[in-house]
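Engineer: No letters, just coordinates:
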């Protein structure tokens, strides 16, 4: 089973990279599990570009799954459904 990860305050992709590097986990019953970074948001343009290149292997202008926007302006209801969320530290703690 592949779990889709959504990230707020993604930064350059440290959490997503950790999920990718984790690889595939096989349960004692033989089930396989992995995490795929699906979409991400950040306010900083440079970090969005870095995330797109390093995680999705695309340029930001061609990556509709990385959203460069103020979190207050993002319509959360329109984000693709995912199986889990990650929040980049410390950005979410200091954002208004």
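Structural biologist: Everything's here; your move. Only a predicted model underlies this, so the values are computations on that prediction, with no experimental measurement involved.

Engineer: for the residue of the chain most remote from its centre, helix, strand, or coil?
Structural biologist: In the chain, the greatest distance from the average C-alpha position (C-alpha atoms, centre = their mean) is reached by residue 29, at 28.8 Å. At residue 29, secondary structure determined by DSSP: H, G, I helix; E, B strand; the rest coil is coil.

Engineer: and the longest helix along the chain, average pLDDT?
Structural biologist: If you go by DSSP state H, the chain has its longest helix at helix 14-22. Averaged across helix 14-22, pLDDT comes to 93.

Engineer: Next secondary structure after that helix?
Structural biologist: strand 25-26 (DSSP states H and E).

Engineer: Can you name every helix or strand that whichever helix or strand comes after that next one contacts?
Structural biologist: Proceeding N to C from strand 25-26, the next assigned helix or strand is strand 32-42, under DSSP H and E. Secondary-structure packing of strand 32-42 (3 or more C-beta pairs under 8 Å, 6 or more residues apart in numbering; DSSP states H and E): strand 2-8, helix 14-22, strand 25-26, helix 45-51, strand 66-68. For glycine as for every other residue, the C-beta is placed from the backbone atoms N, C-alpha and C.

Engineer: Rebuild those as JSON lines, extending it with mean neighbour count and distance to residue 34.
Structural biologist: Shown next, in JSON lines, are the helices and strands packed on strand 32-42 (neighbours: other C-beta atoms under 10 Å; distance: least, C-beta to C-beta, whole Å):
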{"stretch": "strand 2-8", "mean neighbour count": "18", "distance to residue 34": "5"}
{"stretch": "helix 14-22", "mean neighbour count": "16", "distance to residue 34": "8"}
{"stretch": "strand 25-26", "mean neighbour count": "10", "distance to residue 34": "7"}
{"stretch": "helix 45-51", "mean neighbour count": "18", "distance to residue 34": "19"}
{"stretch": "strand 66-68", "mean neighbour count": "21", "distance to residue 34": "20"}
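
Engineer: Of the ones you listed, which is nearest residue 85?
Structural biologist: Comparison of these against residue 85 by C-beta to C-beta identifies strand 2-8 as nearest, at 5.2 Å.

Engineer: how far off strand 32-42 does the closest one point, in degrees?
Structural biologist: 20 degrees (axes from the mean of the first three to the mean of the last three C-alpha atoms, to 10 degrees).
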